[in-house]
Every structure is written in structure tokens, then in C-alpha cells.
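S.K.: Okay, sequence plus prediction incoming.
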Amino acid sequence: MYSIDIPKLLKQFQYNPEEPLIFNSGFFFFLFLGFLAVYILLSKTYRARFTFVTLFSLYFYYKSSGIYFLILIGSTIVDYTLANFIYRSPVYWKKLSLMTFSLIINLGLLGYFKYTNFVHGIFCSLSGLAYQPFDIFLPVGVSFFTFQSLSYTIDIYRGTLKPVGNILDYAFFVTFFPQLVAGPIVRAKDFLPQIYLPTQVTREMFGRAIYLICSGLFKKAIISNYLSLNFVDRIFDAPTLYTGLENLFGVYGYALQIYCDFSGYSDMAIGIALLLGFKFGINFDSPYQSATITEFWRRWHISLSTWLRDYLYFPLGGNRKGKIRMYFNLFLTMLLGGLWHGASFRFVLWGGLHGAALAVHKFFTSLKISWAQKNTWLSQALGVFITFHFVCFCWIFFRASSMENVAQVIRQITLHFTPQIFGAFIEGYRVALLLMALGYCLHFVPHSIELRAQNAVTNMPLAGKAALMVALIFLIIQTKSAGIQPFIYFQF
């Protein structure tokens, strides 16, 4: 007869830094089923339901970052209070002072956790002192909920949004667990109006939710995790042990890995929110189909790129102060966007390369060269090829562990390509290459076919949807690696 180990079971509910709570874990699956049962029971009670979701969201964050969930609570209280003061202040200079204080608090919090050691390292390098990093824990998703909270106070300062009347409503918005730790970055003006409407999940919403959750799980738990552990990590950990051909495919593999990892999380977040009756905007729109770098940033991490556009690029002047200033604003916005991703010169370079590419594209677009304006299938294909490879080149800076590691990868690809091992390479990495081929084929599927697949899932009976989920879970179990594979963007 089976016995339940109560202490071991209770330990599952405690924070474990080695096993953060993530969507593709078995523990989250069972926890979410319990959460959903209570959520449905409370569906007719507005305040009790939202209070329950907020408490669950705080617990979700506790399981990701431990005691640092108190920072999330503190940030919520401070921003709610400051936003009310900003709204009620009749004098402009008071509003400006309060908004500045809000920026200092939020960006100061972000700066302490993410950039203290970065600045300390620069200081030690310049002064000749030995670098000893401070022991600073980076709370999961601090960049995401900071930007999300800032959108609320900035919109109130601009007069485009009114503050909510209850701190619990604001806490519900800031802590909402589906997108709390890795996005998408949801704007207050898009999300807050939904909480005052009757919560309903239509048949179409439920079908799309199941489709997105299954799609996200497949991307993350099967494609991204396998490529990471069995191909990409090995090559980037020791590039000089592999030929240039293997390094090149390692870069292609990482481009697919990070897309499947991050878009997979976004798909699951959007799907889970739909199950609860809330709608988020799309966060990834087949970005590697882009024919220009400008189009790429309209399709990649849409919630971040539009946030940077509206709260950084436009305030800097956007394209309203002449072309030179526009190019500078684009470059600076992406430079800071790179720094947002990580406290390292590699990320600054990554952002700078994208910023420079955006400026160059804007420049050539302004010339209105006749041959460049022709939208033939050949020019489109060439644009996709060039854009994809530029993005892949930039991913080297994003993924490498150091600038030396970057140089090793580039050196192997350019100087030690060794194409003659192609046959042996395919044989040695056939599973990883098959997954890469599958992943890229699915990525380049036309939107119309994807929509048909989504409609097919929506039209399935409930038993069919359940069977689809069970089959996917079985497949994940068969390919599961030992240990938890956190989402890449957890570190940001």
C-alpha cells in the first residue's frame, strides 16, 4: 500500500532556488488545476476572486524568487501611492517631481539588482583594483514588472489614464502571474479595463487557449530544451573543440532555441490568461520571416519593442527632430534595450548593432531607391536571408559567456569551417538537426495554415482537447531531461 510522505509533499510548496516554479513543470500543472477549481468557484464574486488570484500570484512569485516577493509587494504599494499623488497634484512641477521620484525608485531598484556588479566591475577595471562581485541575488522578472508598473505611473502623468480606486485592483494588475516573471509586458491601459468587465471564457477563447498552451509547451519543453542541452550549450561552452560548420549550426540552433523558449513562454502566458478570461496582445509574430530589421522588431518581443518606442524613443524626440536625431534616437533606444537585457558589454553591443542596423535601414529607406522598392519574391527572399543572418550574428553576442567566447565562435566559423565533415555532422547530430528542421518549418508556415490549426483545436470536442494535452504531456515526459530548464528570459 502506498503511503504519502507528508514532509516531502509540504517541501514541494516551499521555495527552492534550484527548481523555480515554471509553466512546463509537473508541480505547476497540478497546482494550476487546484487554482482553476477555486477560481471557477469564485467566478461570481468579484472581490474574493481577484484577491485569491493576487495571493496566488504572490505565491507564484515566492516560488520563483523566495523572500524577494516582498519587493514586489513594496513596489506595488509605492507605485500605487505615487500614481495617486501624481493624478491629484494640480501643479505641473509637483507632478514632474513625483514622476521623477517614481522613476528614481523603480529604475534605482532595477539598477541595484542588475547593474551594481556591472558598474563595480568597470570601476575596478579603471582603478586597477581586484574585482570581487557583491553577493546580490537577481529576483526573477524584476525587469518585466518594473516596466509594467512604470507604464501605469507614466500614463497617469501624461493624462492618458486615470488611477484605479482600489490598491487591490492595482496589485492584481502588477502581480498577475501568467506574465509576471517573463512577460509579455502588459500595459495598464490595456489590462485594467478588462478587470471591471464580466469575466467570461467563450468557446473560441478556450480553444485558442488550449492551442497556445500546447504550442508553447511543444516549443519550450521539446524543441528549446533538447537543442539547449544536446547541441547549443555544448558548442558555446567550448567553441574551439568544434568545427566552424558545427559552430554555425550552433548559432542557428540558438536562434531557434531562444525563439521557442521565449515565444513558448509568451504563448503559455497568453493561453493561461485566456482560460481566466483575460486577453493579451500577441508577443511574437513569426519574426524570422522578416525581410528587414525594422520588420523584425515589429515581430519580435512586441510588448518590449513597443514599450521602448512609446516610453523611450518618442520621449527622446522620435523622428520629429530631423533625420540625424532620429538615427541617434534609434541607436540609443536599442543600446539601452540591450543593457535592459543584461549587465554586460556583450548585451550593449547586441543592442548597439541592432540600433545601428535600424538607423541604416531608415537611411536607405529615405533614399527611395527604385530597385529597392520592388517587392518581388526574389527581393523578399533575399531580405529574409540577410535579416535572418544579421540577427543570428547578433545572437552570438547575446548567448556567448564572454567576448573571448564571441571571438572563438566567429573565428571558428570564418577560419575553420571544414565543410567536408558535413556527412558525419548530420549523422552525429541527426535528432537535433531534425528538431531544428521541424522548428524552422513550423516557424515559416503561413499564417493562414496556423489559423486553420487553431480553428481545428477550437472545434475539437472537450475529450479531443484533453487527449491532445495528454499526448503532448506524454511526449514531453519521453524527452524530458534531468532537472529543471528555466526559461532564458527569467534572468532578465
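M.R.: Sure, I can see it. A quick note: this is a predicted structure, and the numbers were derived from the prediction, not measured. Residues are numbered from 1 along each chain as shown.

S.K.: least trustworthy helix or strand in this structure by mean pLDDT?
M.R.: When the helices and strands of the chain are scored by mean pLDDT, DSSP states H and E, helix 370-373 comes last with a mean of 55.

S.K.: Counting neighbours, which bits of the strand or helix carrying residue 433 end up buried?
M.R.: If you go by DSSP states H and E, residue 433 is part of helix 430-443. Across helix 430-443, burial judged by 16 or more other CB atoms under 10 Å covers 432-433, 435-436, 439, 442-443. The way it works is simple: take the backbone N, C-alpha and C, and place the C-beta from them, glycine included.

S.K.: Nearest to residue 213 among these?
M.R.: The closest of the buried residues of helix 430-443 to residue 213 turns out to be residue 442 (CB to CB; 16.1 Å).

S.K.: Pop the domain breakdown of this structure in here.
M.R.: Following automatic domain parsing, one finds the domains of the chain at 14-195, 203-491.

S.K.: hang on, isn't residue 392 packed against residue 252?
M.R.: Yes: when contacts are counted by CB atoms under 8 Å, residue 392 is listed as touching residue 252 (6.5 Å).

S.K.: which of those two has more neighbours?
M.R.: For residue 392 and residue 252, the more surrounded residue by other CB atoms under 10 Å is residue 252, and the numbers stand at 20 against 16.

S.K.: residues contacting that one?
M.R.: Contact partners of residue 252, counting by CB atoms under 8 Å, 6 or more residues apart in numbering, are 392, 436.

S.K.: Which helix or which strand is home to it?
M.R.: Counting by DSSP H and E, the element that carries residue 252 is helix 244-275.

S.K.: what is the mean pLDDT for that helix?
M.R.: Averaged across helix 244-275, pLDDT comes to 93.

S.K.: Determine the next helix or strand in the C-terminal direction from that helix.
M.R.: Downstream of helix 244-275 (by DSSP H and E), the next one is helix 293-299.

S.K.: which residues of the chain score low on pLDDT?
M.R.: Within the chain, the ranges that satisfy pLDDT under 70 run 1-6, 8-9, 183, 368-374, 480-492.

S.K.: how far is the longest helix along it from where the chain is centred?
M.R.: If you go by DSSP state H, the chain has its longest helix at helix 92-127. How far helix 92-127 lies from its chain's middle: 23 Å, per CA atoms, centre = their mean, to the nearest Å.

S.K.: What of stretch 76-86?
M.R.: With CA atoms, centre = their mean, you get 26 Å for stretch 76-86.

S.K.: Now do the buried residues in it.
M.R.: Within stretch 76-86, the residues scored as buried using 16+ other CB under 10 Å are 76, 78-80, 82-86.

S.K.: Columns secondary structure and distance to residue 375 on top of the residues you listed, output as a markdown table?
M.R.: Output for these, formatted as a markdown table (DSSP: H, G, I helix; E, B strand; the rest coil; distance: CB to CB, whole Å):
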| residue | secondary structure | distance to residue 375 |
| --- | --- | --- |
| 76 | helix | 48 |
| 78 | helix | 50 |
| 79 | helix | 45 |
| 80 | helix | 48 |
| 82 | helix | 48 |
| 83 | helix | 45 |
| 84 | helix | 50 |
| 85 | helix | 51 |
| 86 | helix | 46 |
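
S.K.: All set now, cheers.
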